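Engineer: My questions are about this predicted structure, shown below with the sequence.
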Amino acid sequence: MTTLLDPSARGRVVLVGAGPGDPGLLTVRAVEALRTADVVVHDGLVDPRVLDLAPASAQRISVAKRRSRHSVPQDGINALIVAHVKTGSVVVRLKGGDPFIFGRGGEEVEAVRAAGLPVEVIPGVSAALGCAAEAMLPLTHRDWSSAVSFVAGQCKGLTDQDWSGLAGKGRTLVIYMGVATASAISEKLMADGVAPDMPVAVLERGTLDGSRAMRTLLADLGPMVEREAVASPAIIVVGEVVALSDAQDKLARWARAAEALA
């Protein structure tokens, strides 16, 4: 059983998963941690309503990152966290989604531990889980998918990644940070043997205002992203479960239409 840090202790770090966006998806422990914060070091995509849960007196520091343009390098973020903890502050490192799923949370934990300081991690609802739930898209299904994998669409370049066997019949592949490389992703998967007509979904701004769930086929992924002007944050889901969710959406629309006519 995990031993939690003393909530009254000074000079500590709490890595908190802020979830995909909607403040309602924060865990109870995440809210409790935010309320104790002296300093909140947060990602750029964290919803302002989440930041509002910290005390008004807490210092808020954005370390926003964008593709190919990092306002603060990771080493700088690590040093910033450690410096504030050494002053006796309670530092909440607020990260979108879950800190340990493409959030570099492991690197930050290592840096804090190397400095001899206490650190705790509070998990969050990952973008994949939150966005898929909103779109009624089950990532696994007894009849359609018995495995799900998460990959990064632009981590060290696509050519360096081995996705063999991650997508195809009976499997679901979720791709983070793949909007800018959508065409290359579809070409890579088809070259690896995934059928061009494999259903694909792009889930944009999941759980936030203006969210969109767009569905197409793998061969059309790149053109659709361009056609619909998809922007980050967004995830890509590849697998037969996408067709299942599309069918559920159609049934729901028909049911609403029938009710309106009744």
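Structural biologist: Yep, it's here. These numbers come from a predicted model, not from an experiment. Numbers count the residues shown, from 1 in each chain.
Engineer: What backbone torsions are found at the residue nearest to residue 141 when sequence neighbours are not counted?
Structural biologist: Sequence neighbours aside, residue 241 is the residue nearest to residue 141 in space, at 5.4 Å (criterion: CB to CB, 6 or more residues apart in numbering). For glycine as for every other residue, the C-beta is placed from the backbone atoms N, C-alpha and C. When read as degrees, to the nearest 10, the backbone of residue 241 gives phi -60, psi -20.
Engineer: quick one: residue 241 and residue 178, what's the gap?
Structural biologist: Per CB to CB, to the nearest Å, residue 241 is found 17 Å from residue 178.
Engineer: where do the helices sit along the stretch 1-150 of the chain?
Structural biologist: With DSSP state H, counting those that start in this stretch, the ranges of helices along the stretch 1-150 of the chain come out as 28-35, 48-51, 74-85, 105-114, 127-134.
Engineer: Kindly reformat those helices as TSV containing distance to residue 65, mean pLDDT and mean neighbour count.
Structural biologist: Formatted as TSV, the helices of the stretch 1-150 of the chain follow (distance: least, CB to CB, whole Å; pLDDT from 0 to 100; neighbours: other CB atoms under 10 Å):
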stretch	distance to residue 65	mean pLDDT	mean neighbour count
helix 28-35	21	97	17
helix 48-51	17	95	16
helix 74-85	9	95	17
helix 105-114	13	96	16
helix 127-134	15	95	23
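Engineer: Just send those helices back as a markdown table, with distance to residue 41 too.
Structural biologist: Formatted as a markdown table, those follow (distance: least, CB to CB, whole Å):
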| stretch | distance to residue 41 |
| --- | --- |
| helix 28-35 | 12 |
| helix 48-51 | 11 |
| helix 74-85 | 6 |
| helix 105-114 | 9 |
| helix 127-134 | 20 |
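Engineer: which one of those lies closest to residue 197?
Structural biologist: Of all the helices of the stretch 1-150 of the chain, it is helix 127-134 that lies closest to residue 197, at 21.1 Å by CB to CB.
Engineer: Send me that closest one as PDB with only the CA atoms.
Structural biologist: The C-alpha trace of helix 127-134 is given here as PDB (Å, rounded to 0.1, in the frame of the first residue of the first chain):
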ATOM      1  CA  ALA A 127      -6.500  11.900 -22.600                       C
ATOM      2  CA  ALA A 128      -7.100   8.600 -24.300                       C
ATOM      3  CA  LEU A 129      -9.600   7.400 -21.700                       C
ATOM      4  CA  GLY A 130     -11.300  10.700 -21.200                       C
ATOM      5  CA  CYS A 131     -11.700  11.500 -24.900                       C
ATOM      6  CA  ALA A 132     -12.800   8.000 -25.800                       C
ATOM      7  CA  ALA A 133     -15.400   7.900 -23.100                       C
ATOM      8  CA  GLU A 134     -16.900  11.200 -24.200                       C
END
